[in-house]
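>>> everything below, folded, please.
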Amino acid sequence: MNDLEKVRNIGFIAHIDAGKTTVTERVLYFTGETYKIGDIDDGTTVMDFMSLERERGITIGSAATNAKWNDYQVNIIDTPGHVDFTAEVERSLRVLDGGVVVLESVSGVQPQSETVWRQADKHGVPRLIFVNKMDRLGADFDFAVQTVKDRLGANAVPIQIPIGAESEFTGMIDIITQKAYIYDGNDATNHKIIEVPSEYSEKVLELRQQLIEKVAEFDEDLMLNFLEDKEITIESIKLALRKGVLSLDIFPVLVGSALKHKGIHPLLDAVIDYLPSPLDVPPVSGVDPKNEETKLDRKANTEEPLSALAFKVVTDQHVGRLVYLRVYSGRLEPGINVLNTTSRNRERVGRLMVMHADSREDVPVAGPGEIVAAIGLKNTVTGQTLCDPNSPIALESITFPDPVLSVAVEPKTRSDQDKMTNALTRLVDEDPTLQASTDDETAQVILAGMGELHLDVIIERMRREFNVDATVGAPRVAYRETATKTANAQGKFIRQSGGRGQYGDCTLRIEPLEPGSGILFESEITGSTLPTEYFRPIEQGYREAAQSGFLAGYPVVDVKAVLIDGSHHDVDSSEMAFKVAASMAFKSAMNKASAVMLEPIMNIEVVTPEEFLGDVIGDLNSRRAQVQSMEARGKVQVVKAFIPLAETFQYATRLRSLTTGRASFSMEMDHYSRVPKDIFEKVVN
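Numbers count the residues shown, from 1 in each chain. Below you'll find the predicted structure:
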């Protein structure tokens, strides 16, 4: 069991290619966890251990590891940057106490940096900002810090400044201690600490003064000393800054170049100094599973009853199914029985392990604040709570976005059929944003995911890890349907055949809702008009009908159905009859409510050299994109646009050929919007 003051649970989060994995690799090297520095380009990283990750040079699954630094235990999760794997970031942030946002010095805040920042805001995660790649051509520290203020509206406060930039980048100055870290040579792994070079001394004093002003509001003693011009100690600045970081009011900015090993030691020191221990975050809150109105809190200590959240499931070829858990309170030991409050089942914990990416070591017990993997939990999936059976608690689950793209998958041979079923069961178990279903009409298996890359990776993993050969159909977009105006309709289901008949009659009013509202149901009538026992079957009938759509079989969203009238028969009425009646009323109301089809619209950002700008915009326009803005950043142009997902297939290949491989793009789901008439007709046909 660790001293909780000395534990840090942190994650590295960022836009794709900002250098998260490289930062993590250097952290492992300098903390003595690895003896050789891993390199993404050589495919020798510890954290990207899947063969697919090493080939593509991207992180696909979040990997957990831990390291020791100055007697502190740092549990680290390296997360993917690509928007297709957004679930990995979401579930990691749910269980982390602090984060390090890695920004790239040339581009500053990029679209996915905004996404992960919003995710971290949602979970209230304190963070540090590390401006990486200061050795790159075009590196600009001040620009990167400014983008945090402009694009994220965050109070970014530099606590270091770089010495030089691009190929002249030789180290950094710590504004608080007024010392400089200097690296001799390009690949030096060690630094010398010297006094601030004279040409920087004025700037450092000025920045230190600004920093003290900003942190003074978090500490009264410091504020008094500041107002009375008394000497302010390094310790008191750090203490006040820590308070500001923990309350999410300040985000300290550090600088370095992970590839060239620069800035990692000070970054680790800052993680210890400013990011929270499990004791600094508020007690985890949940509800009583028997009565969801009753709120419960669990403090991070071993005296409290056990509570833990499963945040990831992985199938390991050596030990089988591993469930990653974050323990919030109490003690978790191998051999004990725990209650899963979501499924209401009891489970027995087999072995507990601490993970180092894909290697592991057994541990005899896990306490609050620890992240461990458990074997033997057969029925626990992502987002479920495990707790002491005698004092149950249900922690808030993890929400994941809906899939936007699907493909049909068919096994090539008979023998692939069973293997594919097994592979999909395991992959869906691991990945909450992946859905597999069978199309009733064609009997094909439909895989739905977050984007082309996501589905590519899944198909590739089926081939490599499970030896399944499958043919893949063209991608299909997850369209939606909705109503555009309010309409009423009656649904009446009457069947008289010898013996007992069927009688159900209800009238529904359909109302359009704001985008993102889902589907709702309420009743304006009381039990005197219609017995309340039929309200539930009416709601079920409506929800089932909404799921299978009205225009083209796509789910209906953002609609509210209100039950406004109905009648029943003392003998012939049944739940089944009211279900059918509700379905008829819904379809008839949708017919009057001018139903339309919606398509997912992506927010795309294309970074292209100036000479290709015309071609890139012409191509975007041909894909029904709406260009929102263009701005020059150095020698490149950044185009931001909204583009229908249906028009983005194979866009990566097209962009490469248009710009001889020199442009890059990133996109993420933004909203749903009406499908133009001609496209609608194509889809329906």
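
>>> so what's the residue minimising distance to the centre of the chain closest to, chain neighbours aside?
By C-alpha atoms, centre = their mean, the chain has its centre lying nearest to Glu90, at 2.7 Å. Nearest residue to Glu90, sequence neighbours excluded (C-beta to C-beta, 6 or more residues apart in numbering): Gln119, at 5.8 Å. For glycine as for every other residue, the C-beta is placed from the backbone atoms N, C-alpha and C.

>>> that neighbour touches Arg94, doesn't it?
No: in this structure, Gln119 is not within contact of Arg94 by C-beta atoms under 8 Å, at 9.1 Å.

>>> next, the residue nearest to the centre of the chain: secondary structure please.
Put simply, Glu90 is helix when judged by DSSP: H, G, I helix; E, B strand; the rest coil.

>>> now do it, the pLDDT please.
We note a pLDDT of 74 for Glu90 in this prediction.

>>> what's the answer for Met669, then?
If you check Met669, the pLDDT there is 78.

>>> give me the distance between it and Pro537.
34 Å (C-beta to C-beta, to the nearest Å).

>>> tell me which stretches of the stretch 251-400 of the chain form strands.
In the stretch 251-400 of the chain, the strands defined using DSSP state E, counting those that start in this stretch lie at 251-255, 284-288, 291-298, 307-316, 320-329, 337-340, 345-348, 352-356, 359-362, 371-375, 385-387, 394-395.

>>> which helices and strands does the first one pack with?
When contacts are defined as 3 or more C-beta pairs under 8 Å, 6 or more residues apart in numbering; DSSP states H and E, strand 251-255 sits against strand 127-132, helix 141-152, strand 156-158, strand 160-163, helix 234-246, helix 264-274.

>>> tabulate the ones you listed (JSON lines), appending distance to Gln547, mean pLDDT and mean neighbour count.
Compiled in JSON lines, the helices and strands packed on strand 251-255 are given as follows (distance: least, C-beta to C-beta, whole Å; pLDDT from 0 to 100; neighbours: other C-beta atoms under 10 Å):
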{"stretch": "strand 127-132", "distance to Gln547": "39", "mean pLDDT": "92", "mean neighbour count": "27"}
{"stretch": "helix 141-152", "distance to Gln547": "37", "mean pLDDT": "89", "mean neighbour count": "18"}
{"stretch": "strand 156-158", "distance to Gln547": "45", "mean pLDDT": "91", "mean neighbour count": "21"}
{"stretch": "strand 160-163", "distance to Gln547": "53", "mean pLDDT": "90", "mean neighbour count": "24"}
{"stretch": "helix 234-246", "distance to Gln547": "44", "mean pLDDT": "88", "mean neighbour count": "19"}
{"stretch": "helix 264-274", "distance to Gln547": "46", "mean pLDDT": "90", "mean neighbour count": "20"}
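
>>> Ile510: which of those is closest?
Each of those has some distance to Ile510 by C-beta to C-beta; the shortest is helix 141-152, at 39.5 Å.

>>> the helix or strand harbouring Asp678: which residues count as buried?
Secondary structure from DSSP states H and E places Asp678 in helix 677-684. Using 16 or more other C-beta atoms under 10 Å as the test for burial, helix 677-684 gives Ile679, Phe680, Val683.

>>> which one of the residues you listed is nearest to Thr115?
Ile679 (27.3 Å).

>>> so Arg26 makes contact with Ala258?
Yes: using C-beta under 8 Å, Arg26 is in contact with Ala258, at 5.1 Å.

>>> what is in contact with the two at once?
Taking C-beta atoms under 8 Å, 6 or more residues apart in numbering as the criterion, Arg26 and Ala258 both touch Ile264.

>>> if we can go back for a sec, just send the helices and strands packed on strand 251-255 back as a markdown table, with distance to Lys560 too.
Converted to a markdown table, these look like this (distance: least, C-beta to C-beta, whole Å):
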| stretch | distance to Lys560 |
| --- | --- |
| strand 127-132 | 38 |
| helix 141-152 | 34 |
| strand 156-158 | 42 |
| strand 160-163 | 53 |
| helix 234-246 | 41 |
| helix 264-274 | 46 |
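
>>> please identify the buried residues of the helix or strand where Ile601 lies?
Per DSSP H and E, Ile601 falls inside strand 596-609. Under the neighbour-count criterion of 16+ other C-beta under 10 Å, strand 596-609 has 596-608 buried.

>>> so which elements touch the helix or strand containing Lys587?
Using DSSP H and E, Lys587 sits within helix 575-592. Judged by 3+ C-beta pairs under 8 Å, 6+ apart, the packing partners of helix 575-592 are strand 487-495, strand 502-512, helix 535-547, strand 559-567.

>>> that helix to strand 487-495, inter-axis angle?
140 degrees (axes from the mean of the first three to the mean of the last three C-alpha atoms, to 10 degrees).

>>> not counting its neighbours along the chain, what's nearest Gly549?
Using C-beta to C-beta, 6+ apart, the closest residue to Gly549 is Glu481 (5.1 Å).

>>> for the one you found, give me the pLDDT.
Note for Glu481: predicted pLDDT of 92.

>>> list the contacts for it?
With C-beta under 8 Å, 6+ apart, Glu481 has these contacts: 549-552, 554-557, 590, 595-598.

>>> state whether it is indeed within a strand.
Yes: when three-state DSSP is applied, Glu481 is found to be in a strand.

>>> next structured bit after the least confident helix or strand in the chain by mean pLDDT?
The weakest-scoring helix or strand in the chain, judged by mean pLDDT, DSSP states H and E, is helix 51-56 (a mean of 46). Once the chain leaves helix 51-56, the next helix or strand it forms, by DSSP H and E, is strand 63-69.

>>> what pairs with that following strand, parallel or antiparallel?
The strands beside strand 63-69 in its sheet (DSSP bridges) come out as strand 72-78 (antiparallel).

>>> averaged pLDDT, the partner strand. What do you get?
Taken as a whole, strand 72-78 has a mean pLDDT of 80.

>>> then stretch 603-620?
Confidence for stretch 603-620, expressed as mean pLDDT, is 89.

>>> figure out the length between the terminal residues of that stretch.
Taking C-alpha to C-alpha, to the nearest Å, the first and last residues of stretch 603-620 lie 12 Å apart.

>>> who's in contact with it?
107, 110-111, 625, 627, 630, 632-633, 635-643, 648, 654-655, 658-659, 662-670.

>>> identify, from the buried residues of strand 596-609, the entry nearest to Glu333.
Nearest to Glu333 among those is Pro600, at 45.9 Å by C-beta to C-beta.

>>> what sits against that closest one?
Val404, Val477, Ala478, Pro644, Leu645, Met669, His671, Tyr672.

>>> so where does the nearest residue to Gln628 once chain neighbours are set aside fall, helix or strand?
Leaving out its chain neighbours, the residue that sits closest to Gln628 by C-beta to C-beta, 6+ apart is Lys640, at 4.7 Å. Element membership for Lys640 (DSSP H and E) is strand 636-644.

>>> tilt between that strand and strand 596-609?
If you take the same axes, to 10 degrees, strand 636-644 sits at 170 degrees to strand 596-609.

>>> strand 636-644: which residues count as buried?
So strand 636-644, judged by 16+ other C-beta under 10 Å, has buried residues Val636, Gln637, Val639, Ala641, Phe642, Ile643, Pro644.

>>> swap in stretch 492-508?
Lys492, Phe493, Gln502, Tyr503, Gly504, Asp505, Cys506, Thr507, Leu508.

>>> what angle do the helix or strand hosting Val102 and strand 127-132 make?
Element membership for Val102 (DSSP H and E) is strand 98-104. What separates the directions of strand 98-104 and strand 127-132 is an angle of 30 degrees, with the same axes, to 10 degrees.

>>> packing partners for the next helix or strand after strand 98-104?
Sequence order places helix 111-122 as the next helix or strand after strand 98-104, per DSSP H and E. Packing partners of helix 111-122 (3+ C-beta pairs under 8 Å, 6+ apart): strand 7-14, helix 86-95, strand 98-104, helix 141-152, strand 664-674.
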